[in-house]
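A.B. asks: Sequence first, predicted coordinates after that:
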Amino acid sequence: MSIIGDKIASIKGQLPEQVRLVAVSKTKPIEDIQQAYDDGQRIFGENKALEMRDKAAALPDNIHWHFIGHLQRNKVKYIAPFVKLIHGVDSLKLLKEINKEALKNDRIISCLLQFHIASEETKFGLSLDEAVEMLSSEDYKAMKNIKITGVMGMASNTFDTDLVRAEFKHLLNLFQSIRYKFFLDNIFYREISMGMSNDYQIAVQEGSTLVRIGSSIFGARNYSK
């Protein structure tokens, strides 16, 4: 097994059975992703639609691609044919675009509602009121080619673990509020995407089902390109 494979195995060894690892491969070369794939990893996360499209074309077709960044509406068409899960739906307009492109590709695309749980204003995400308004709308009810399967959030970038834990608890509460109001009998609504390299242990303790880990697997990211 490779160094990348060893790191993946070490992280997976710390995760409960119900928690899945999204290996965040953004900015990383195809060779690194192929190595992780060869060592058994199947879920990869990208945050640039065109980069994700190009990587998907060059890599095995049974990879589960998760889009984890802020998705622009005019880029949805590039990933709609193959994306497995879109983590960051933060507006009705984006959801409508995903539904439109999913219909064109004869697919139903799974999506997570992104909530703003961090103290930083720079983070994207919905409030509970905005999510309720969206899910109550006739526009949403008419959508046949998207499936809301849970929620996603990013905690504050801080060493204050008490704050991070409180923010993850808040996301769990949001997940439950939305579930009771809209998805109580829906077996597909079950995902809580929270936790990254520096805080995934806390996220798992607070109910995460998907952890998004990149630098602990692939090393520091290259943002120069």
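C.D. replies: Alright, I've got the coordinates.
A.B. asks: Give me the packing partners of the helix ranked longest in the chain, helices and strands only.
C.D. replies: Looking across the chain with DSSP state H, the single longest helix is helix 161-182. Identification of packing neighbours for helix 161-182 by 3 or more CB pairs under 8 Å, 6 or more residues apart in numbering; DSSP states H and E yields strand 109-115, helix 128-136, strand 146-153, strand 191-193, helix 200-205. Where C-beta positions appear, they are placed from N, C-alpha and C, glycine not excepted.
A.B. asks: Could you measure from the residue positioned nearest the centre of the chain over to Asp39?
C.D. replies: With distances taken as CA atoms, centre = their mean, the residue of the chain nearest its centroid is His87 (3.2 Å). With distances taken as CB to CB, to the nearest Å, His87 is found 23 Å from Asp39.
A.B. asks: Strands of the chain, start to end?
C.D. replies: Secondary structure of the chain (DSSP state E): strands at 20-24, 43-46, 64-67, 85-89, 109-115, 146-153, 191-193, 210-213.
A.B. asks: so which of those gets nearest Asn99?
C.D. replies: Judged by CB to CB, the one of the strands of the chain that comes nearest to Asn99 is strand 146-153, at 4.7 Å.
A.B. asks: How far off centre is stretch 76-96?
C.D. replies: From the chain centre to the centre of stretch 76-96 is a distance of 11 Å (CA atoms, centre = their mean, to the nearest Å).
A.B. asks: Stretch 31-50 now?
C.D. replies: 14 Å.
A.B. asks: what comes up buried for that stretch?
C.D. replies: 32-37, 39, 41, 43-49 (16 or more other CB atoms under 10 Å).
A.B. asks: ok, residues contacting it?
C.D. replies: 1-2, 4-5, 8-9, 20-26, 52, 55, 59-60, 62-72, 75-76, 78-79, 84, 87, 212, 214, 217-218 (CB atoms under 8 Å, 6 or more residues apart in numbering).
A.B. asks: Dump the helices and strands packed on helix 161-182 into CSV; add distance to Leu103 as well.
C.D. replies: Output for the helices and strands packed on helix 161-182, formatted as CSV (distance: least, CB to CB, whole Å):
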stretch, distance to Leu103
strand 109-115, 10
helix 128-136, 19
strand 146-153, 9
strand 191-193, 23
helix 200-205, 34
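A.B. asks: May I see the ones you listed organised as CSV, with mean pLDDT, distance to Ala166 and mean neighbour count added?
C.D. replies: Formatted as CSV, the helices and strands packed on helix 161-182 follow (pLDDT from 0 to 100; distance: least, CB to CB, whole Å; neighbours: other CB atoms under 10 Å):
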stretch, mean pLDDT, distance to Ala166, mean neighbour count
strand 109-115, 98, 14, 25
helix 128-136, 97, 16, 15
strand 146-153, 98, 12, 24
strand 191-193, 98, 15, 24
helix 200-205, 97, 10, 19
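A.B. asks: Glu101: which of the ones you listed is closest?
C.D. replies: strand 109-115 (8.0 Å).
A.B. asks: Check the offset of that closest one from the chain's centre.
C.D. replies: For strand 109-115, the distance to the chain centre is 8 Å (CA atoms, centre = their mean).
A.B. asks: Output the contacting helices and strands for it.
C.D. replies: strand 85-89, helix 92-104, helix 128-136, strand 146-153, helix 161-182.
A.B. asks: ok, and what's touching it?
C.D. replies: Counting by CB under 8 Å, 6+ apart, 80, 83-90, 95, 98-99, 101-102, 124-128, 131, 134, 145-153, 171, 174, 178, 188, 191, 193 sit against strand 109-115.
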